[in-house]
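*Asks:* coords please:
(one chain, ligands or ions: 1)
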Amino acid sequence: MPTHTQEIHAQEAHLKAARTTFPDGFSPENVKNLSIVLNALLADVFALYLKTKNFHWHMSGPHFRDYHLLLDDQATQIFAIGDDIAERVRKIGGTTVRSIGHIARLQRIADNDKEFVSAHDMLAELCADNRNLVQSLRAAHAVTSKAGDHATTSLIEVWIDEAERRAWFLFEATR
Ligand SMILES: [Fe+2]
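*Replies:* Numbering: from 1, shown residues only. Below you'll find the model as predicted:
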């Protein structure tokens, strides 16, 4: 039979486990919803990062140097977003992506493992992917602002601008 003190300790431990990050933090419901939307974004960002690097590595044609360097700049920018997203999930009390397999289960941006992709098709595909990312970011923005997650909301606003800039460069380079 547990003593009264032991019971109180057990209850406290249970409450601590049920809590998110802080007593005045997000509700478990909000942590769940925010984690789902942010982890999907994180998977997309990793998929887009690797595809941008893939095309950076396999680029060919008369504009090789320009496109090779453009995609490297874009990949660096995309990679930086990933860490911020994952750490936002942890800060609000959620858990985030743990492996390549986990990313593969969540990603909505498709891989491209083709043996050869022309320079034009690479840029056009990345342009479409970045535009899709903008749509996902806008959808995530609606969730984070409704939950009162102001920090993530303001980061997302910057990521939308960056994705629109990448899409703009890619679009202009293909016409
Ligand atoms: Fe490189």
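
*Asks:* may I ask which helix or strand of the chain has the lowest mean pLDDT?
*Replies:* helix 4-18 (a mean of 62; mean pLDDT, DSSP states H and E).

*Asks:* helices or strands up against the helix or strand following it?
*Replies:* Downstream of helix 4-18, the next assigned helix or strand under DSSP states H and E is helix 28-58. Applying 3 or more C-beta pairs under 8 Å, 6 or more residues apart in numbering; DSSP states H and E, we find helix 28-58 packed against helix 64-91, helix 100-106, helix 119-146. C-beta here means a position set from N, CA and C on the backbone, and glycine is covered the same way.

*Asks:* which parts of helix 28-58 are buried?
*Replies:* 30-31, 33-35, 37-56, 58 (16 or more other C-beta atoms under 10 Å).

*Asks:* circling back: okay if I get the helices and strands packed on helix 28-58 as a markdown table plus distance to residue 26?
*Replies:* Listed next are those as a markdown table, based on distance: least, C-beta to C-beta, whole Å:
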| stretch | distance to residue 26 |
| --- | --- |
| helix 64-91 | 10 |
| helix 100-106 | 21 |
| helix 119-146 | 11 |
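
*Asks:* from residue 86, how far off is the residue positioned nearest the centre of the chain?
*Replies:* Nearest to the geometric centre of the chain sits residue 42, at 2.3 Å (C-alpha atoms, centre = their mean). Using C-beta to C-beta, to the nearest Å, one gets 6 Å for the distance from residue 42 to residue 86.

*Asks:* identify the contacts common to those two.
*Replies:* Contact with both residue 42 and residue 86 is made by residues 96-97, according to C-beta atoms under 8 Å, 6 or more residues apart in numbering.

*Asks:* got the contact list for residue 161?
*Replies:* Applying C-beta under 8 Å, 6+ apart, no residues qualify as near residue 161.

*Asks:* swap the cut-off to 10 Å and go again
*Replies:* 134, 137 (C-beta atoms under 10 Å, 6 or more residues apart in numbering).

*Asks:* now do it, the pLDDT please.
*Replies:* What the model reports for residue 161 is a pLDDT of 98.
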